[in-house]
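Engineer: following is a predicted model, sequence given first.
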Amino acid sequence: MIVRALAFVCGDLLLQQFSQLPPYSALLILSIFVAIMARLRCTVLLFFCLGFLFASVFAHHLLNQRLSLDLENIPLIVRGEISNLPQQNSHRASFELTVKKSTQKLPEKIKLTWYEPTAVLHAGEIWQFSVKLKRPHANFNLGGMDYERWLFTQNIGATGTVAKEPIFIEPASFSFNALRQTISDKLTQLYDDSINTALLRALTVGDDNGLTRQNWQTFQKTGVTHLIMISGSHIALVAGLVYFLTLKLWTYLGILKISPPKVAVLASLLTAIFYASLAGYVIPTKRAVIMLGLVALASFYQRQFSPLQSFTLAVLGILIFNPMMLLSIGFWLSFLAVALILFRVAGRLKSPSNWQNAVDIQLTVSLGLSPLLLFFFNQTSLISPLVNFIAVPIVEIVVVPLALLQIPLMWLFPYLADKIFSVLNFILHGFMYGLELAEKFSHAVFDLPQPSIFALLLSSFGIVWLFAPRGIPARFLGVILNLPLLLPLLPALEKGEAIVTVLDVGQGLAISVQTQNHQLLYDTGARFQNGGDMGKNVILPFFRYLGIQNLDTLIISHGDNDHSGGAYSILSEMDNAQILTSAPEKLIPYQTKRCESGQNWQWDNMNFEMLSPAKTFEKSNDNSCVLKIETGKNAILLTGDIEAVTENWLVENMPKKLQAKVLVAPHHGSKTSSTLDFLDFVKPEIVLISAGYQNQFHHPNKEVLARYQAFHAPALNTANDGALTVRLKPDDFKIESLRAVTGKYWNFRSF
């Protein structure tokens with residue numbers, strides 16, 4: 001069974017590497033082949049093909065649920081049920097809506113954002129909204145989260161915004177989501193909205209609304225993220241406690257018509273299902289419930305499932321329920337953590353003491369998951385084993401049981417609930433204080449460029465070898481097999497070469513420039529009301545992915561938020577950078593230098609020259625720093641948001657310096673820029689546009705696109721093509737679209 005399950009997983013995994021789904025005709029042929037394999041009883045190949053076929057059909061179904069192109073960005077009326085716990089503050093509310101009724105055929109599930117909400121939303125309520133929708137689309141960069149993949153796995157077929165005042169239709173009827181909302185609201189009502197209350201909401205009903213980005217960074221750096229949201233270990237602990245208490249109570253009562261072990265197993269299983277429902281049935285809880293269900297089934301029918309069989313059936317159960325779960329990072333982290341524990345403790349001749357076993361498991365999981373964390377996040381916590389050794393018993397043995405006990409007491413015996421909260425508040429205060437101290441340790445987090453698939457597989461084999469039972473020869477070689485992961489070979493640039501990447505930051509601009517020994521960043525994208533910004537969300541993950549640790553020069557072309565908003569996040573990580581800008585008032589805490597026409601420098605045989613501004617123009621856009629990067633016969637021109645006034649000045653004052661084969665479109669392709677005279681002197685062979693998908697300014701302008709076409713200069717747009725990479729060499733240049741190179745079948749496609 002184990003080999004067959006592995007074959008099914010491999011078939012599913014193979015599909016996830018496709019950039020386009022196989023057509024129905026190919027699936028029909030595969031179905032015939034599957035029937036032949038079943039007849040011949042070639043079970044391994046049969047399960048492999050079944051995994052591929054089942055995942056393909058499921059993926060086709062999900063893609064067919066997406067919003068139709070002709071319904072994008074037009075007003076629609078939709079009525080539906082709020083199907084999750086809304087993330088809400090005074091500025092915005094974000095929530096998922098299960099569509100019940102609409103004026104057009106819409107996906108079954110959509111994700112909406114309501115800016116400046118005038119009402120408090122609750123899970124389970126029925127509302128009518130006027131909305132504008134778009135197909136699932138997100139920024140697409142190296143090192144960034146594939147948000148489109150997450151939307152796909154959640155079967156969310158459209159995202160959008162609430163356009164007008166919504167209409168409340170009816171309150172929530174009974175459901176687990178409504179129950180989760182009630183518990184969350186009760187906790188907030190009784191015990192304010194502090195960080196400790198937010199932690200209790202997360203641990204009891206899976207509601208992370210109230211935990212800030214800074215909180216999550218602390219959890220990630222200390223390696224305790226798995227403890228904050230309801231995980232499989234939480235489910236197993238609570239179920240085990242219920243099993244023990246039920247067994248003792250049933251035996252004491254002497255009701256032997258049903259054996260105490262069966263009653264205890266049934267009670268623990270029902271508890272696990274209930275707790276998992278409160279968590280919203282995330283992947284770790286599904287895995288725990290399936291494994292406990294198998295144990296219950298074996299107990300009732302007096303059969304024996306080994307832990308490995310239960311684990312295998314849990315994997316199959318989740319993938320049969322939704323084969324797209326294989327795309328979830330949580331799937332891999334959850335199941336591989338359990339696999340490591342089973343491998344480490346099962347079948348050993350001698351069991352260590354309890355504390356030694358706890359230390360051993362923490363080290364195994366922390367070290368064993370490190371390759372995967374480096375692959376997915378480009379970093380892993382070095383202090384995780386120590387922190388978890390202290391934090392796991394505090395959270396799972398003390399905090400979780402007390403928090404769950406407090407829930408019914410809030411209604412039945414409020415006085416006792418208040419006393420329990422006082423204890424929890426004291427414990428969680430110390431817990432957070434300890435995490436914040438641990439986070440400040442130097443080298444608490446280990447950052448590395450993303451390893452290759454080969455290095456990841458080699459490291460995984462090395463981990464297995466390293467944690468193998470005593471008696472396996474040369475286990476130290478497991479350390480050696482991890483060296484390619486720790487010492488990655490990065491592609492080197494020659495002198496006179498540069499890699500220029502126009503990052504996909506939506507409606508804004510951020511450009512990375514790498515030479516052989518230097519790094520420049522031109523603009524930093526926008527900052528948002530929720531505290532996030534493109535520096536933190538896109539640029540720093542991109543730098544980590546490529547192993548960039550130092551920034552030589554930061555250029556902020558001008559003061560507009562969509563160009564300067566991420567600067568503080570960048571400078572908090574890389575504070576030694578020289579800063580050039582036309583808006584020094586935006587960066588008062590830092591030493592800056594005004595960008596001026598005539599500034600020039602050379603890095604690794606690459607020439608950098610500032611062409612503008614030479615004087616102060618009336619509009620801030622026209623004061624943008626205009627930078628030309630040149631090597632041999634090739635050059636790229638970075639223009640910020642300059643408009644016709646600056647373009648005309650450049651044409652009049654330095655026409656010979658404007659020529660560049662690659663042009664980053666001025667002002668995102670606005671109709672106020674890219675004049676005919678300017679383009680005639682630049683003579684671009686290709687134009688790169690940084691703009692947001694379906695942006696409110698309608699950039700790039702259709703007339704401007706026609707001008708580019710008239711100059712036989714094709715235009716690539718980050719909104720359609722993702723991050724755009726230019727490799728400049730003295731004799732030629734090459735441009736790649738990240739979506740074209742690495743995009744998968746679920747990613748947005750330009751039409």
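Structural biologist: Perfect, I can see it now.
Engineer: residue 425 contacts residue 198, doesn't it?
Structural biologist: No - applying CB atoms under 8 Å, one finds residue 425 not in contact with residue 198, separated by 12.0 Å. Bear in mind the C-beta positions are built from the backbone N, C-alpha and C, glycine included.
Engineer: neighbour count winner among the two?
Structural biologist: For residue 425 versus residue 198, neighbours defined as other CB atoms under 10 Å are more numerous around residue 198 (22 against 16).
Engineer: so what's the gap between the helix or strand hosting the more buried one and the chain middle?
Structural biologist: Element membership for residue 198 (DSSP states H and E) is helix 195-205. Put simply, helix 195-205 sits 22 Å off its chain's centre (CA atoms, centre = their mean, to the nearest Å).
Engineer: what does the following helix or strand past that helix contact?
Structural biologist: From helix 195-205 onward toward the C-terminus, using DSSP H and E, the following helix or strand is helix 213-222. For helix 213-222, contacts defined as CB atoms under 8 Å, 6 or more residues apart in numbering pick out 195, 198, 225, 227-228, 377, 381, 383-384, 387, 391, 432, 435-436, 438-439, 444-445, 531-532, 536.
Engineer: helices - which of those residues land there?
Structural biologist: Within the contacts of helix 213-222, residues falling in helices by DSSP state H are 195, 198, 225, 227-228, 377, 384, 387, 391, 432, 435-436, 438-439.
Engineer: of those residues, grab the buried ones for PyMOL.
Structural biologist: Applying 16 or more other CB atoms under 10 Å to those leaves a buried subset, and the PyMOL line that selects it is:
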select buried, resi 198+225+227+228+377+384+387+391+432+435+438+439
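Engineer: from the ones in helices among the contacts of helix 213-222, which single one is nearest residue 503?
Structural biologist: residue 377 (18.3 Å; CB to CB).
Engineer: which residues touch that closest one?
Structural biologist: residue 220.
Engineer: output the longest strand belonging to the chain.
Structural biologist: Secondary structure of the chain per DSSP state E: the longest strand is strand 92-102.
Engineer: quick one: strands adjacent to it?
Structural biologist: Neighbouring strands of strand 92-102 in its sheet, by DSSP bridges, are strand 75-82 (antiparallel), strand 87-88 (antiparallel), strand 109-115 (antiparallel).
Engineer: and the pLDDT at the residue lying closest to residue 514 once chain neighbours are set aside?
Structural biologist: Closest residue in space to residue 514, ignoring its immediate chain neighbours: residue 499 at 4.6 Å, by CB to CB, 6 or more residues apart in numbering. Note on residue 499: pLDDT of 96.
Engineer: cool, residue 751 as well?
Structural biologist: In this model, residue 751 carries a pLDDT of 45.
Engineer: same question, residue 370
Structural biologist: Model confidence at residue 370 (pLDDT) stands at 85.
Engineer: could you measure from it over to residue 462?
Structural biologist: Noted for residue 370: a distance of 11 Å to residue 462, by CB to CB, to the nearest Å.
Engineer: OK, contacts around residue 724?
Structural biologist: Shown in contact with residue 724 (CB under 8 Å, 6+ apart): 501, 502, 688, 716, 718, 735, 736, 737, 738.
Engineer: the residue in the chain sticking out farthest from the centre and residue 260, how far apart?
Structural biologist: For the chain, the largest distance from the centre (CA atoms, centre = their mean) belongs to residue 254, which lies 52.6 Å off. The gap separating residue 254 from residue 260 is 10 Å, by CB to CB.
Engineer: ranges for the helices of the stretch 451-600 of the chain?
Structural biologist: 453-466, 477-480, 483-486, 534, 540-546, 561-564, 567-573 (DSSP state H, counting those that start in this stretch).
Engineer: between those, which one is closest to residue 335.
Structural biologist: Closest to residue 335 of the helices of the stretch 451-600 of the chain, according to CB to CB: helix 453-466, at 13.4 Å.
Engineer: name the helices or strands packed onto that closest one?
Structural biologist: The helices and strands touching helix 453-466, judged by 3 or more CB pairs under 8 Å, 6 or more residues apart in numbering; DSSP states H and E, are helix 354-377, helix 477-480, helix 483-486.
Engineer: possible to save those as TSV with distance to residue 63?
Structural biologist: Shown next, in TSV, are those (distance: least, CB to CB, whole Å):
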stretch	distance to residue 63
helix 354-377	24
helix 477-480	41
helix 483-486	35
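Engineer: could you point out which of those sits nearest residue 593?
Structural biologist: Minimum separation from residue 593 across the helices and strands packed on helix 453-466 (CB to CB) falls at helix 354-377, 34.9 Å.
Engineer: who are the contact partners of the closest residue to residue 623 other than its chain neighbours?
Structural biologist: Nearest non-adjacent residue to residue 623, counting by CB to CB, 6+ apart: residue 582, 4.3 Å away. Residue 582 makes contact with 556, 557, 558, 559, 594, 595, 613, 620, 623, 624, 625 under the criterion CB under 8 Å, 6+ apart.
Engineer: and the spatially most central residue of the chain, what is it in contact with?
Structural biologist: Note on the chain: the residue nearest the mean C-alpha position is residue 145, at 3.6 Å, using CA atoms, centre = their mean. For residue 145, the contacting residues are residue 541, by CB under 8 Å, 6+ apart.
Engineer: for it, which three-state class applies?
Structural biologist: coil (DSSP: H, G, I helix; E, B strand; the rest coil).
Engineer: ok, now residue 687?
Structural biologist: Going by three-state DSSP, the state assigned to residue 687 is strand.
Engineer: any idea what sits nearest it, other than its immediate chain neighbours?
Structural biologist: Residue 687 sits nearest to residue 715 (CB to CB, 6+ apart), 4.5 Å away.
Engineer: where in the stretch 351-500 of the chain is pLDDT low?
Structural biologist: Filtered on pLDDT under 70, the stretch 351-500 of the chain yields the residue ranges 351-358.
Engineer: list the helices and strands the helix or strand hosting residue 426 packs on?
Structural biologist: For residue 426, the host element (DSSP H and E) is helix 414-439. Helix 414-439 sits against helix 176-191, helix 195-205, helix 213-222, helix 384-392, helix 400-412, with contacts defined as 3+ CB pairs under 8 Å, 6+ apart.
Engineer: if you set the cut-off to 6 Å instead, what comes out?
Structural biologist: helix 195-205, helix 213-222, helix 400-412 (3 or more CB pairs under 6 Å, 6 or more residues apart in numbering; DSSP states H and E).
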